[in-house]
Every structure is written in structure tokens, then in C-alpha cells.
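> Please find the sequence and the predicted model below.
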Amino acid sequence: MPPSAPAGSGCSPRWGRCKAHQTGLMSHLTGELHALRHVTVIGDAMRRVPVLAFTVAGRKGWEVVQALADTGVCVCADPGHHGVFATLGVAEVGGAVRVGLAHYTTTTEINALIHALS
């Protein structure tokens, strides 16, 4: 049996419910990022694992990661030198930012990310 999720996370020990929770969060995150003109979402995270990558116009990935960390938001940078990011030319725009969602991620955390990027 899977471990229990933290209180308020929107998940139960049933993985199907966790998947629905993550899908809802990813949909919210993707929609909000698409609304920001200076942000470009890479790919379609809704079809895969709950990890999303994006770039911010005029900023290198590591710069965005540092700025978000300064506001308490944890994401990671991908320089874009390997795999599909290399093929897409992500390194040429300064790399990408990756954000992953877990069963304990909350809407409040997603909103903090969006607010920090706005």
C-alpha cells in the first residue's frame, strides 16, 4: 500500500486520485504559463510525467531559477545541451526551467510560481 499523502494535498492513498490531483495542477500551471507573454512552455506535459519545462524571454534558465529561489520557489535549470532540448535549440536561448509536481504539491505553490513569474 502506498504511503499516505500529507494533509491538504488533495490526494488519498489511491494513486488514481493522486494522478487526478497532479493532472489538475498541471492543467492550472500550463494554462497560467501560457497566459504570460514572456514565457514559452516547451512540449505538452499533460501527456507525460508531471514535469514541465519553460523559457522566459530575455533570461537564461539559471537566472530564472535563482530569481524564483529568492522568492521561495524551487525549480531547476536545464542548460539544454542534451537530448531533445539540444535538438530544439534550447541552449541557444539560455536553457530552460523545469518544474516537477508531486502528490503533495498544492495549488498555493503553483500560484506562488505564477506570481513570481508575472
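Nice, thanks for sending it over. Here the structure is a predicted model, which is why all the values come from computation and not from measurement.
> make it CA atoms for all contacts and neighbour counts henceforth
Will do.
> contacting residues around residue 47?
With contact set as CA atoms under 8 Å, 6 or more residues apart in numbering, residue 47 has no partners.
> Do you know the pLDDT at it?
Each residue has a pLDDT score; the one for residue 47 is 70.
> Residue 50: what's its closest spatial neighbour, skipping adjacent residues?
Of all residues not flanking residue 50 in the chain, residue 101 sits nearest, at 5.4 Å (CA to CA, 6 or more residues apart in numbering).
> Okay, the one you found and residue 49: tell me how far apart.
Look at residue 101 and residue 49: by CA to CA, to the nearest Å, they are 9 Å apart.
> just residue 39 next, same as before
Residue 39 is 21 Å from residue 49, by CA to CA.
> next one: residue 83
Here the criterion is CA to CA. By it, residue 83 lies 17 Å from residue 49.
> and if you look at residue 14?
17 Å.
> What count of nearby residues applies to residue 57?
By the criterion of other CA atoms under 10 Å, residue 57 has 13 neighbours.
> Could I get the contacting residues of it?
Contacts of residue 57 (CA under 8 Å, 6+ apart): 38, 39, 40.
> Make TSV from those and add pLDDT, secondary structure and neighbour count to it.
Below are these laid out as TSV (pLDDT from 0 to 100; DSSP: H, G, I helix; E, B strand; the rest coil; neighbours: other CA atoms under 10 Å):
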residue	pLDDT	secondary structure	neighbour count
38	96	coil	14
39	96	strand	17
40	93	strand	16
